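A.B. asks: I'd like to go over a predicted model; first the sequence, then the structure.
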Protein chains: 4
Amino acid sequence: MSDDRVEDTSAARPADEGRGAAEGVRYGYFGPRGTFTQMALASHLHSLGMPQLLDSATAFATVPAALDAVAAGEVDEVMVPIENSVEGGVSATLDALNARDGLLIRAEVLVPITFVLAVRAGTTLGDIEAVGSHSHAWPQVRGWMAANAPAAQYIPTLSTAAAAADLGADGEPPYQAAVCAPGAAETFGLTVLASDIGDNANAVTRFVLVSGPGAPPAPTGADKTTIMLYQHSDHAGGLLALLEQFAARDINMTRLESRPTGAAMGQYGFSIDFEGHVSEERVGEALMGLHRVAAQVRFLGSYPRADRRPPVISAQHGDRAFSEARSWLRSLRTGD
Amino acid sequence: MSDDRVEDTSAARPADEGRGAAEGVRYGYFGPRGTFTQMALASHLHSLGMPQLLDSATAFATVPAALDAVAAGEVDEVMVPIENSVEGGVSATLDALNARDGLLIRAEVLVPITFVLAVRAGTTLGDIEAVGSHSHAWPQVRGWMAANAPAAQYIPTLSTAAAAADLGADGEPPYQAAVCAPGAAETFGLTVLASDIGDNANAVTRFVLVSGPGAPPAPTGADKTTIMLYQHSDHAGGLLALLEQFAARDINMTRLESRPTGAAMGQYGFSIDFEGHVSEERVGEALMGLHRVAAQVRFLGSYPRADRRPPVISAQHGDRAFSEARSWLRSLRTGD
Amino acid sequence: MSDDRVEDTSAARPADEGRGAAEGVRYGYFGPRGTFTQMALASHLHSLGMPQLLDSATAFATVPAALDAVAAGEVDEVMVPIENSVEGGVSATLDALNARDGLLIRAEVLVPITFVLAVRAGTTLGDIEAVGSHSHAWPQVRGWMAANAPAAQYIPTLSTAAAAADLGADGEPPYQAAVCAPGAAETFGLTVLASDIGDNANAVTRFVLVSGPGAPPAPTGADKTTIMLYQHSDHAGGLLALLEQFAARDINMTRLESRPTGAAMGQYGFSIDFEGHVSEERVGEALMGLHRVAAQVRFLGSYPRADRRPPVISAQHGDRAFSEARSWLRSLRTGD
Amino acid sequence: MSDDRVEDTSAARPADEGRGAAEGVRYGYFGPRGTFTQMALASHLHSLGMPQLLDSATAFATVPAALDAVAAGEVDEVMVPIENSVEGGVSATLDALNARDGLLIRAEVLVPITFVLAVRAGTTLGDIEAVGSHSHAWPQVRGWMAANAPAAQYIPTLSTAAAAADLGADGEPPYQAAVCAPGAAETFGLTVLASDIGDNANAVTRFVLVSGPGAPPAPTGADKTTIMLYQHSDHAGGLLALLEQFAARDINMTRLESRPTGAAMGQYGFSIDFEGHVSEERVGEALMGLHRVAAQVRFLGSYPRADRRPPVISAQHGDRAFSEARSWLRSLRTGD
């Protein structure tokens, strides 16, 4: 996977890994420097009180490369984008997570997305014939571009930061401007022609921190769980039967994405986030129910919600109701 | 309750109760002698290889009296009718079971119902101005009576056997014929004017053997469970949510009866029989689910089906699917 | 059925039937005089401003006889009991309604039930060895009787009024006291030893007025509909699929009774009351849905609720939502 | 939108539009020439017996541009990709369809996807440092590329055909090989180094032909319907209530995609294909039900299935069952 790693940071690994949880961890992210993903990792490390670890984190050129590195044990935890409030799920991440065994989401980070139009010093709006950016970013600035540079052609790039990096380098990329994060413009020495050019002021991207196999982080009372579900066959009511496992326990889904299985047209799996932690009773029972009725359930982690908002759980679905029901059942069976 | 016991059989209790399960048990039934219920108890004792115990069984004048005697420990097990294929649930039994704590159904017996028209020697069809019988029996012979004795008036009695007993005794009951079981006519020395007078040749009554508190009998692979369910409130979909606990685990209901709670018009509980034993996984989970979402669940027993017919359980609802799901959940939680 | 009719009122039919709706109608009820059912008919006629029609109403000895008379056109409308808040559905009425084609419930009446202990003049509580009453009434006074006349035996009678009538007549009934309505004691010249002896102070019985075939009464905005439902087969989830037709349209059930079909043990139909009138959109669609998925749906009438309480209908299930959806569908189909 | 149209075909519009359905129609597609989408349009026109119309069809540089042209009346029908058996739904198409009023899908075409590795004459596998292709195509050849050209970098392009076109032109694109359709290699004069390099031999892409407002094509007995559904709010069971409208009528879904509404993280609409035509009873009732309970339903067309496979409809959900139920309801309401 070294061909996918855009900078060699192997020397940056801390010599002594025993000093603290985050300190000994080898981090990675979907790079290069300047991506929104790097910002998400920075935010995460800041919340852990270890901002300095960002410098030693490995940047990977693609999401699959980052996840391969975790699966191979080359790094411990990587940050990747999973869902955009405007463009939807990040297919590459969803599919890459599902294609590898034992990966676990351990945290999520929400980053507000603001785009700038960045150019080399001296370039004016009138000079711009083509604009480079990632294919997820372009639709988010389409309104602004149509109004301000209607003739500019779109050139896809591997990431928003890559568009900026190429423009900041010596070569001759086939575009005169990059749509990227403010930080990327700064990182690569570009001039910002316009800020906040996103059409949707509330755009947010959600990132997840992924590790190798292990126990999930402890429940915080405001957690989410991510799974991938496959139906036995594609019949009327098949998905319904799966979703009833959530509804019967009053478990709220916060994301549902269909992903083709690749086997044939119309065969889908479902990538689902829902409220709650695998250690909670109602979540455990729902997962066991899905395990019984679905063709396959892939558990991808339970982790604290970025917004720290606890779910509303009615008394009849709380842990206490479950443990009381279990005691009651035990007494019925023994007659005591 | 001694006023409800129609014959004193206290002396009949075996002195040594240690010789065998059935032998040491003090039995009772909804009597008097000659009822279909006594026939059900005879059938049960016969299947246990202890037919002689019928003689020492206590007959009770009403179902509530029989259940009171079990609740008070005066007898160990009583046979009572619970459901008739023509007339439906026996309300007195359902309500009496629900009104007492700790009673358990331990067995069920099916008895084909055949009625005879019994009279004192010398009485002819033309002499009959009125006919005595129980109010559950009369609708079952209404067609025959309309065709053969259209002018005969109906006089309700406490049981079919009571109608025969009074006719066989010295008094002057207000009727000249009894509709009763063949055995009752014989027991009380009556003449049978006509046999098999029931309008429905397939009529069957179901009886249950009820004991005090304790562990249910061991599962046989072909069992039934009886419960009483109360909803939290009377809203659209309330019953639906309860029934989904069965459907979600592919559990077949074999009887559903509504019974008013008595609190107000339109407030009902539901008396339910379903396939399976409380010791089975899918039944246990369904009961726990009901315990959480219903206002109250009253467990009335798990016991062998009279017809020995095992349920069809799909692989995904078998005990193995449940235990595999539990192992899987445990591994998710620990990360092992 | 003349053998079931307890008094000949054929001469009472009004000569001129054209003067008004109620005035020209020939009424009947489950008698004899003095029953709670007669009180229900009196209440209904009073609300129509025609109390004098009670005198000419025909009393029938049994519920089936009353319904037969309507089916045969001998009377136009009969009042029968259908549901008791303590004892539950009146099986005889439910089964008789289902066994006849074309009968329609046109109104319902709620009557609070209060029982008295009535005796011949001179009889004291100490003199009572046996008490006559209907089998639905006896369980409702069981507590009072156990406290005040514990030794008294119960003798079943055809109705509470019949118990009083026999005691008021010249014969020697096998009991010294009747449990009946206050009006019955008065009608038959008995002395009231104790009033309000019902164990449940809130006991209410619901009666329905049944006519022959025709259009239902116009909707009032606070109506009920009664149907009988038969499933295709007895499988897990069968009843669920039927009840979902109500839940999907937010239709509240106010009564659900199972009744055996008589074909075999465990085969049930369901007698159901629900909120709404057949002329309403959501009710019409639910009925059509049931017609498609049930083995049989028997429509037994839409009629004003006795309590005049209108249902709470969310905007999405109101008639307007249905007609808007229909217009929208039409535009999709035509492209206009 | 002229900036998006990659070739000016306005002169190609037929002068006389009256000669036949397809003949008078102005076609467009997501181009440039050589895309799989052009192949889909060729296939469609071939099935209509009008293959020559392909030459006059307008190629648009992006899917939104193609749909804008239809919405503006500049062309009559455009072919766009909607779903890939490996990569899933084409977000650009789904979002663009939902963002415009009055567009209707009139046909679907399935095209097996086979990729070639195309180069300029003389280039060998060893010369390839970078490969250009569309971001949907690249993941489908990732296995082959890793095995045969592991060092090659990926360069995103606007379409697979654009990668080939640039390589076939005079310029210096930043890559030495294109992954594209066999036809594109031929169109742009490239040499095919390897054929059938897709990792999934069964890869298929589904295309839809979209027109402006109007009535849907007539039902064929094997049709599909496409809608976009928005829930009222994001709560447990919200999607379930919508899906039950299909399940209750035994309607099979063939595709379910979630798409963010853009309003906030976690707010989704659902793009759904299901079996059946809007003119069928069960489909009409399901659509009306969704119209009532969903926040919004957007109808995007009923059209013949590409595979001509008719759905299996049980008797109780056929048009006849609906019309019988309607007749029955009418008779209940009128009493006739």
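C.D. replies: Noted; the coordinates are in hand.
A.B. asks: Just confirm yes or no for stretch A:291-304 near chain B.
C.D. replies: Yes. Judged by Cβ under 8 Å from any Cβ of the partner chain, stretch A:291-304 and chain B are in contact via A:291, A:292, A:293, A:299. (C-beta placed from N, C-alpha, C; glycine too.)
A.B. asks: Flag every buried residue along that stretch.
C.D. replies: By 16 or more other Cβ atoms under 10 Å in any protein chain shown, the buried positions in stretch A:291-304 come out as A:291, A:292, A:293, A:294, A:297, A:298, A:299, A:300, A:301, A:302, A:303, A:304.
A.B. asks: partner residues bridging the last one?
C.D. replies: Using DSSP bridges, the bridge partners assigned to residue A:304 are residue A:223.
A.B. asks: Please report the distance of it from residue A:50.
C.D. replies: To residue A:50, residue A:304 is 17 Å away according to Cβ to Cβ, to the nearest Å.
A.B. asks: And the helices in the stretch 201-336 of chain A?
C.D. replies: A:238-247, A:281-293, A:319-334 (DSSP state H, counting those that start in this stretch).
A.B. asks: Figure out which of those helices is closest to residue C:25.
C.D. replies: Among those, the nearest to residue C:25 by Cβ to Cβ is helix A:238-247 (50.5 Å).
A.B. asks: Next, the angle helix A:281-293 makes with that closest one.
C.D. replies: Going by axes from the mean of the first three to the mean of the last three Cα atoms, to 10 degrees, helix A:238-247 is angled at 160 degrees with respect to helix A:281-293.
A.B. asks: follow-up on the earlier one: what's the farthest-apart pair in the residues of stretch A:291-304 next to chain B?
C.D. replies: A:293 and A:299 (15.6 Å).
A.B. asks: which regions of the stretch 151-300 of chain A sit below the pLDDT cut-off?
C.D. replies: By pLDDT under 70, the low-scoring segments of the stretch 151-300 of chain A are A:233-237.
A.B. asks: Chain neighbours aside, what residue packs nearest to residue A:71?
C.D. replies: residue A:100 (4.8 Å; Cβ to Cβ, 6 or more residues apart in numbering or on different chains).
A.B. asks: Let me see the contact set for that neighbour.
C.D. replies: Residue A:100 is in contact with A:67, A:68, A:71, counting by Cβ atoms under 8 Å, 6 or more residues apart in numbering or on different chains.
A.B. asks: Of those residues, which is the most crowded?
C.D. replies: residue A:67 (24 neighbours; other Cβ atoms under 10 Å in any protein chain shown).
A.B. asks: roughly how far apart are that residue and chain D?
C.D. replies: According to Cβ to the nearest Cβ, to the nearest Å, residue A:67 stands 13 Å off from chain D.
A.B. asks: right, and that residue touches residue A:210 too?
C.D. replies: Yes. With contact defined as Cβ atoms under 8 Å, residue A:67 counts as touching residue A:210 (6.4 Å).
A.B. asks: where do the contact lists of the two overlap?
C.D. replies: With Cβ under 8 Å, 6+ apart as the test, residue A:67 and residue A:210 both reach A:78, A:80, A:97, A:103.
A.B. asks: from what I can see the third one touches residue A:67, true?
C.D. replies: This points to residue A:97. Yes. Under the contact definition of Cβ under 8 Å, residue A:97 touches residue A:67, with a separation of 6.7 Å.
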